[in-house]
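Trainee: Sequence and predicted structure are below.
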Amino acid sequence: MVSKPHGGKLVRRIAAPKTRERILSEQKEYPKAEIDHGRAIDLENIAHGVYSPLKGFLTSDDFQSVLDHMRLSDDTPWTIPIVLDVEKPEFEEGDAILLYYDDLPIARMHVEEIYTYDKKEFAQKIFKTTDPNHPGVAKVYAMSEYLVGGEIELLNELPNPFAKYTLRPVETRVLFKERGWKTIVAFQTRNVPHMGHEYVQKAALTFVDGLFINPVLGKKKRGDYKDEVIIKAYEVLFKHYYPKDAATLATVRYEMRYAGPREAIHHAIMRKNFGATHFIVGRDHAGVGDYYGPYEAWDLFDEFPDLGITPMFIREAFYCRKCCGMVNAKICPHSEEFHVRISGTKLRKMIMSGEKPPEYMMRPEVYEVIRSFKNPFVE
């Protein structure tokens, strides 16, 4: 059975056409706040239920509860603060304001609370470090002094160059039902696929009805693959190597926090809202640098027996020269001398130098897609 939305009900916070028209006609009468691209994406995810049960940005009780207990104040599991920061606000609690991105009114917000917070506490509790070299910590330190909590109504969406592959939770739930899938495993990725990814995905698919590959599109760190490269690579992989009736591909716009274990839980909740019943938790899931242990995220799932989506812990795959195939440590009896690790960093270096990866590392069709781009990496 397709999973129930997190919190029990799929949130939809989109202004009705007549309401939208009226708000936009009166927009000069509203106080306004400018937001960045990441918060605009958060707004879309709130409005379309990707962040169910959130109906808006967190108020202080929920914010503190997430920091301290990894749960909302009503005890619903929630690990990443979805917050809106502003400079000294020119509006008050109780006001309705408009949120703008790049001169586009994105949403109306009903201001429930304006509050301050401790940035070091935020960083330490969410990222387990206060090191400003951590990209998530740096982002927190760059935030404004005040947070604003309250419910939102979406008025406009950002331009979407990948609309063809964008499905909202209400749509994926219909798709899964139409395909007769009762169990669905979701795979989150921000990379082009290599053979290790394919091994993990297909190993998981063995136990369920359908595979939902859900690449993250949006702002990434330097050296990550560009969005269009990821999409094209998966297109060619699906065309040649995936069963059409057992796998589907849809994207989600989301700004990575690189919060390791906490973000792994958040990613699972997002896929639960899309309708997935299972979620593949990777090695060093949502990690960066050496801030988290390789399987630390696996342990954190033990603290959430009420999460409502089943984590699938599939160990890192590698090529074994003795087995003549992709394996993992649980199923391969051979010593390290026969193992070839598939490192994303190593693959990037090979691609940058024009070297074609061996076929046990990456499908040749995927390599050709990457090579077709003048610069496939974020600069």
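Mentor: Cool, the structure landed. Residues are numbered from 1 along each chain as shown.
Trainee: Can you tell me the element residue 200 falls in?
Mentor: In the assignment (DSSP states H and E), residue 200 maps to helix 195-205.
Trainee: domains in this structure, as residue ranges please.
Mentor: 17-154, 163-371 (automatic domain parsing).
Trainee: Run through who's touching the least confident helix or strand in the chain by mean pLDDT.
Mentor: The least trusted helix or strand in the chain, going by mean pLDDT, DSSP states H and E, turns out to be helix 344-352, with a mean of 88. For helix 344-352, the surrounding residues in contact (Cβ atoms under 8 Å, 6 or more residues apart in numbering) are 191, 194, 223, 356, 357, 361, 362, 367, 370, 371, 376, 377. C-beta here means a position set from N, CA and C on the backbone, and glycine is covered the same way.
Trainee: Okay, buried residues for stretch 239-259 please.
Mentor: For stretch 239-259, a neighbour-count test (16 or more other Cβ atoms under 10 Å) marks 242, 247-259 as buried.
Trainee: One more: stretch 32-48?
Mentor: 33, 35-36, 38-48.
Trainee: quick check, nearest of those to residue 309?
Mentor: Set against residue 309, the nearest of these by Cβ to Cβ is residue 45 (16.9 Å).
Trainee: Help me confirm that the closest one comes into contact with residue 55.
Mentor: No - taking contacts as Cβ atoms under 8 Å, residue 45 lies outside contact range of residue 55: 12.0 Å.
Trainee: elements contacting the helix holding residue 200?
Mentor: strand 184-189, strand 210-217, strand 278-281, strand 325-327 (3 or more Cβ pairs under 8 Å, 6 or more residues apart in numbering; DSSP states H and E).
Trainee: Not counting its own residues, what contacts the longest one?
Mentor: Spelled out, that is strand 210-217. 162, 172, 176, 179, 181, 183-190, 201-202, 204-205, 227, 230-231, 234, 242, 246-254, 256, 271, 274-276.
Trainee: What is the burial count for residue 106?
Mentor: 23 (other Cβ atoms under 10 Å).
Trainee: so where's the stretch 1-150 of the chain uncertain?
Mentor: Applying pLDDT under 70 to the stretch 1-150 of the chain flags no residue at all.
Trainee: no wait, the stretch 151-300 of the chain
Mentor: The stretch 151-300 of the chain contains residues with pLDDT under 70 at 220.
Trainee: Setting aside sequence neighbours, what's the nearest residue to residue 19?
Mentor: residue 153 (7.3 Å; Cβ to Cβ, 6 or more residues apart in numbering).
Trainee: all strands for the stretch 1-150 of the chain, in order.
Mentor: 32-34, 56-57, 84-86, 96-101, 104-110, 113-116, 146-154 (DSSP state E, counting those that start in this stretch).
Trainee: Sheet-wise, list the partners of the fourth one with their directions.
Mentor: I take that to be strand 96-101. strand 32-34 (parallel), strand 104-110 (antiparallel) (DSSP bridges).
Trainee: And the second one, by the same measure?
Mentor: Partner strands and pairing direction for strand 56-57 (DSSP bridges) are strand 146-154 (antiparallel).
Trainee: Centroid-wise, who is the farthest residue in the chain?
Mentor: residue 322 (36.5 Å; Cα atoms, centre = their mean).
Trainee: And that residue, what's its pLDDT?
Mentor: Here the pLDDT value assigned to residue 322 is 97.
Trainee: So it: helix, strand or coil?
Mentor: Under DSSP: H, G, I helix; E, B strand; the rest coil, residue 322 falls in the coil class.
Trainee: Who is residue 248 paired with across the strands?
Mentor: Under the criterion used here (DSSP bridges), residue 248 is bridged to residue 212.
Trainee: so what's it up against?
Mentor: 175, 179, 210, 211, 212, 213.
Trainee: from what I can see the residue nearest to residue 19 touches residue 22, true?
Mentor: No - using Cβ under 8 Å, residue 153 is not in contact with residue 22, being 11.5 Å away.
Trainee: So the two - more neighbours on which side?
Mentor: Neighbours per residue, other Cβ under 10 Å: of residue 153 and residue 22, the larger number sits with residue 153, 21 against 12.
Trainee: where does the more buried one sit relative to residue 24, distance-wise?
Mentor: Distance, residue 153 to residue 24, using Cβ to Cβ, to the nearest Å: 12 Å.
Trainee: Tell me what the residue nearest to residue 19 is bridged to.
Mentor: Residue 153 forms beta bridges with residue 108, as assigned by DSSP bridges.
Trainee: what residues are up against it?
Mentor: Contacts of residue 153 (Cβ under 8 Å, 6+ apart): 13, 14, 15, 19, 23, 47, 107, 108, 109.
Trainee: May I ask which of these has the most neighbours?
Mentor: residue 107 (28 neighbours).
Trainee: what's the helix or strand for residue 370?
Mentor: helix 364-371.
Trainee: so what secondary structure elements neighbour that helix?
Mentor: helix 227-241, helix 344-352.
Trainee: What mean pLDDT does it get?
Mentor: Rounded mean pLDDT across helix 364-371 is 96.
Trainee: in it, what counts as buried?
Mentor: Those would be 366, 367, 369, 370, for helix 364-371 by 16+ other Cβ under 10 Å.
Trainee: Could you save the residues you listed as a markdown table and add columns showing distance to residue 304?
Mentor: Formatted as a markdown table, the buried residues of helix 364-371 follow (distance: Cβ to Cβ, whole Å):
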| residue | distance to residue 304 |
| --- | --- |
| 366 | 34 |
| 367 | 38 |
| 369 | 37 |
| 370 | 36 |
